[in-house]
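Novice: Mind folding the following:
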Amino acid sequence: MSDLPRVLSYPPVHDYVDRLHGRAATLVHRDQPWPRLPDLYDPDWLSSHATDWDVVHLHFTWEQYPPATLRAVLEAHGAAGTPIVWTAHDLRNPHVPDGAGDAACLGLLAEAADEVLTLTPGAAAAVTERFGRSPRIVPHGPIVPPAEAAELRTARRRGGTPLRVLLLAKSLRANLDWRTPLEVVDGLGAAAGDVAPVRLDVHLHPDAADRDEIEAFGTGGGAVTVTVAQRLSAAELRRRVAGADALLLPYRWGSHSGLIELAVDLGTEPIATEVGFIAQQAPCHVVPLRDGRVDPDRLASLLVRMADGTEALDPVPIRQRERVLDEFVVAHSRLYSRLASSTGTAVDR
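Specialist: The predicted structure is shown next:
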């Protein structure tokens, strides 16, 4: 990897950036703890280690710090003459209802970045409108290696009843509408004699808020099962998603989703809301919001049609996903090499 540009990524380790390590760049300081990244937000540490990397690429993690800290970080990188790349994943923070602090951080990134990327045309238009920058669109692409995705697709059980829908409640991030999907699916299960049956499997973190209320849905003899467990490993998460017919993403706000990419990788049909630009990422079923919540009638109608087989998405071919991944890597490789060359830090290639 010595002939690749050295990139300090925020974060250094993540499904999104791991695909670049060793192919488009050598990602440095990957031993930094996640989710806390103290050194990467210490301007003094950054200044003293500035020769460790050729390019800086920010994706997320600044939501853990106030805007003043991010400003100091960007100024430290700027003072060292290091090119800065920002990928606009989230134009509104999915973790907090009040996005004022994050909006300030996005403004700082838009001002400081030498290059701006984003994932979809809609997000690119929004960045241009808000910040006067014209991002390059680089689609997210697959998370699961193609060979593994193909194996998991082959192993899954298809057809039959009930329709198996997975909801990853995790720790109930602020933008997740968990109540409406639970009520809708439980109601459909109670009326299984009249409509095609649906089962909702909920994965819930032990420390999640409202845990007792959510677990109650799974003890009433309805169509909801609740699994309470610690954070899933990558392998277990992929197995759970691959084992479902559909992955439900009941977001009340947001921009993009890594989980929709995971579902597409594994041939699981995504169900998303109309928020942000998620529907531009990949083929998915879309449910509108009503008064800021998932529309229960439209969700119920969709689930019935999916369960009786009258509405379905064809899996995206593995080879098509491979092409998107190759394009993702090439786009970053060229960008990093060009930026590193512009500062005279790139190695001979």
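
Novice: going forward, measure contacts between C-alpha atoms and count neighbours the same way
Specialist: Fine.

Novice: Kindly report the domain assignment for this structure.
Specialist: Structural domains annotated on the chain: 6-138+324-342, 146-307, as defined by automatic domain parsing.

Novice: Could I get those domains in TSV, plus columns for mean pLDDT and mean neighbour count?
Specialist: Supplementary listing: the domains of the chain in TSV, determined by pLDDT from 0 to 100; neighbours: other Cα atoms under 10 Å:
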stretch	mean pLDDT	mean neighbour count
domain 6-138+324-342	95	18
domain 146-307	89	19
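
Novice: Using CSV, lay out these together with distance to residue 318.
Specialist: Conversion of the domains of the chain to CSV gives the following (distance: least, Cα to Cα, whole Å):
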stretch, distance to residue 318
domain 6-138+324-342, 10
domain 146-307, 6
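
Novice: Not counting residues beside it along the chain, what's closest to residue 90?
Specialist: Nearest-residue entry for residue 90: residue 255, 5.2 Å, with adjacent residues in sequence omitted and distances by Cα to Cα, 6 or more residues apart in numbering.

Novice: just checking, residue 46 touches residue 76?
Specialist: Yes - because the distance of 6.7 Å satisfies Cα atoms under 8 Å, residue 46 is recorded as touching residue 76.

Novice: Name the residues that touch the helix or strand harbouring residue 183?
Specialist: Counting by DSSP states H and E, the secondary-structure element that holds residue 183 is helix 179-190. Contacts of helix 179-190 from elsewhere in the structure, counted by Cα atoms under 8 Å, 6 or more residues apart in numbering, are 195, 197-200, 214, 217, 222-224, 250, 293-296, 299-300.

Novice: Could you pick out which of those are located in helices?
Specialist: 214, 217, 296, 299, 300 (DSSP state H).

Novice: Going by distance to residue 308, which of the residues you listed wins?
Specialist: residue 300 (12.4 Å; Cα to Cα).

Novice: Leaving out chain neighbours, which residue sits closest to that closest one?
Specialist: residue 184 (6.0 Å).

Novice: Now for residue 142, how many residues are close by?
Specialist: When neighbours are counted by other Cα atoms under 10 Å, residue 142 registers 28.

Novice: State the phi and psi torsions of it.
Specialist: Phi and psi for residue 142, reported as degrees, to the nearest 10, are phi -70, psi 150.

Novice: Kindly report the same for the one 10 residues further on.
Specialist: Listed backbone geometry of residue 152 is phi -70, psi -40, with angles given as degrees, to the nearest 10.

Novice: for the residue most central in space within the chain, what are its contacts?
Specialist: Centre of the chain computed as the mean C-alpha position; nearest residue by Cα atoms, centre = their mean is residue 258, 2.4 Å away. Under the criterion of Cα under 8 Å, 6+ apart, the neighbours of residue 258 are residue 140.

Novice: and it, how far is that from residue 55?
Specialist: To residue 55, residue 258 is 24 Å away according to Cα to Cα, to the nearest Å.

Novice: Am I right that residue 327 is in a helix?
Specialist: Yes - the assignment for residue 327 by DSSP: H, G, I helix; E, B strand; the rest coil puts it in a helix.

Novice: contacting residues around the closest residue to residue 281 other than its chain neighbours?
Specialist: In space, and not counting its chain neighbours, residue 281 is closest to residue 120: 6.5 Å by Cα to Cα, 6+ apart. For residue 120, the contact set (Cα under 8 Å, 6+ apart) comprises 137, 138, 139, 277, 280, 281.

Novice: next helix or strand past whichever strand or helix holds the fifth one?
Specialist: So that's residue 280. Using DSSP H and E, residue 280 sits in helix 278-281. Past helix 278-281, heading to the C-terminal end, the next element that is a helix or strand (DSSP H and E) is strand 285-287.

Novice: What is that next one packed up against?
Specialist: Packing partners of strand 285-287 (3 or more Cα pairs under 8 Å, 6 or more residues apart in numbering; DSSP states H and E): strand 269-273.

Novice: The strand it packs on pairs with which strands, and in what direction?
Specialist: Sheet neighbours of strand 269-273, with direction, are listed as strand 246-249 (parallel), strand 285-287 (parallel) (DSSP bridges).

Novice: I'd like those written out as CSV, with distance to residue 152 added.
Specialist: What follows is these, written out as CSV (distance: least, Cα to Cα, whole Å):
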stretch, distance to residue 152
strand 246-249, 15
strand 285-287, 22
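
Novice: can you give me the strands for the stretch 51-200 of the chain?
Specialist: Counting by DSSP state E, counting those that start in this stretch, the stretch 51-200 of the chain has these strands, from start to end: 55-58, 84-88, 115-118, 136-137, 163-170, 198-204.

Novice: so what secondary structure elements neighbour the last one?
Specialist: When contacts are defined as 3+ Cα pairs under 8 Å, 6+ apart, strand 198-204 packs onto strand 163-170, helix 179-190, strand 224-228, helix 296-307.
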